[in-house]
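# With the input below, show me the fold.
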Amino acid sequence: MNGMRARFSIAKYLVVGPENTGGRPVPGIVADAAAAGFTCIQIRSKTASAGELVRLCGECADVLGSLGLSDRTALLVDDRLDVVLAARKRGYKVDGIHVGQTDIPADVCREYLGEDAVVGLSAPTRDLLDFVRRPGALRDIDYLGAGPLHPTPTKTDCGLDEETGQVIVRSLDELRSLARLSPVPVVVGGGVKTADLPALAATGVAGFFVVSAVASAPDPAQAARELSAAWDAAARPASV
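Okay, the predicted model is just below:
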């Protein structure tokens, strides 16, 4: 295994698309987050066309390159294997994909993107701990995304149980068990704020993800710096 997959980190993870920025350019938000120390950027949009997403990948890859962070900050795309393949065909440095339980299967993404790509998977809403115990369930992925920690208006179906119509939030105890049982790192989001990070880091998960906390903030750069610093302080091993 070489390339970004061998060294990427999900410690500080931004999910962003044109719907989340209040009309501000996505590459500018990406620049703010990456400069603040965010380690993973996911481009996600349910409204942009494939062509728009490919161009956005190129612009964000250029931003990371201009900051000298192409080899330190992973650039992923939500769901759209076609977009990742097209962006790579154009020569843009896109490191992988994140998929949900009902999206293109992770093994298909791995087959098309190769062994060096990063492939992430959203955790199922129900039977979460049983899922991670299932042999082979996480074979083709590099990390598991879980949430929500709190209900969030950014993605109203996050944690939605289709059988009951209720949103299932993740307790700290559940996340502690998940981090212990999962064979791959776990990143947690859904309404995460700076004040949540000490308790979240104490569960043993590998990182947090945010959308609106940075992308919709009045000052995205300041918001990203505060979140980054808070995670670093919370996740730092205590001195002996």
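
# next one: phi and psi at the residue nearest to residue 220 when sequence neighbours are not counted?
Distances taken as C-beta to C-beta, 6 or more residues apart in numbering put residue 32 closest to residue 220, at 4.5 Å, once the chain neighbours are dropped. C-beta: built from backbone N, CA, C; applies to glycine. For residue 32, the backbone dihedrals are phi -60, psi -50 (criterion: degrees, to the nearest 10).

# so who does residue 32 touch?
Residue 32 makes contact with 214, 220, 221, 224, according to C-beta atoms under 8 Å, 6 or more residues apart in numbering.

# Among those residues, which lie within helices?
214, 220, 221, 224 (DSSP state H).

# Farthest pair within the contacts of residue 32?
Maximum pairwise distance in those, criterion C-beta to C-beta, is 8.8 Å, between 214 and 221.

# Of these two, which one has the most company?
Counted by other C-beta atoms under 10 Å, residue 214 and residue 221 do not tie: residue 214 has more neighbours, with 29 against 16.

# my guess is that one meets residue 223, correct?
Yes - Residue 214 lies in contact with residue 223 (C-beta atoms under 8 Å); the separation is 5.0 Å.

# Helix or strand for residue 180, just tell me which one.
helix 172-181 (DSSP states H and E).

# which element follows that helix toward the C-terminus?
Per DSSP H and E, helix 172-181 leads on to strand 186-189 as the next helix or strand towards the C-terminus.

# Can I get that following strand in CSV? Just the C-alpha atoms.
Output of strand 186-189 as CSV, limited to C-alpha atoms (Å, rounded to 0.1, in the frame of the first residue of the first chain):
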residue,chain,number,x,y,z
VAL,A,186,-13.9,5.7,13.3
VAL,A,187,-14.8,9.3,12.6
VAL,A,188,-17.8,10.9,14.2
GLY,A,189,-20.0,13.9,13.2
